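Student: Could you look at this predicted model? Sequence included:
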Amino acid sequence: MKAPDHIIVGSGINALVCAAMLGGKGAKVLVLERNDRIGGCMRTEEITAPGFIHDVMATTFVLFITSPAFAALGGDLARHGLEFCHTGTPTGVLRPDGSHAVLKTDRAANVAALNAIM
């Protein structure tokens, strides 16, 4: 095997996006992961009952699908079988002070909502 151009330690979403972007430009990339699976917090698992799968940490998917990275990689991911089923308002969060933030699939709306609570 030829030595990689880049070595990425960890296989969370940001590492995988980095590897995909570098690989798409022709670089040889080696991703190293200490756990038994890749993906960091973005994964699907049977966590409650056999055959019933959950998107673990699914709140992070909305951040990915509204990102410039997904805009660049979405077509390739779809060709490999990735498909998202979601609503226009897929997640929200309650804050310790009782306020909340609702994230949408609209990047500009998310930026405005997060700026409003900062």
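Tutor: Yes, it's here.

Student: isn't Thr91 right next to Met57, touching?
Tutor: No - using Cβ atoms under 8 Å, Thr91 is not in contact with Met57, being 10.3 Å away. C-beta coordinates here come from the backbone N, C-alpha and C atoms, glycine included.

Student: Which positions within the helix-or-strand element of the chain with minimal mean pLDDT qualify as buried?
Tutor: Least confident helix or strand of the chain, by mean pLDDT, DSSP states H and E, is helix 59-65 with a mean of 76. Within helix 59-65, the residues that qualify as buried are 60-65, counting by 16 or more other Cβ atoms under 10 Å.

Student: Would you quantify the distance from the closest residue to Ile38 other than its chain neighbours to Gly74?
Tutor: Nearest non-adjacent residue to Ile38, counting by Cβ to Cβ, 6 or more residues apart in numbering: Ser11, 3.8 Å away. To Gly74, Ser11 is 19 Å away according to Cβ to Cβ, to the nearest Å.
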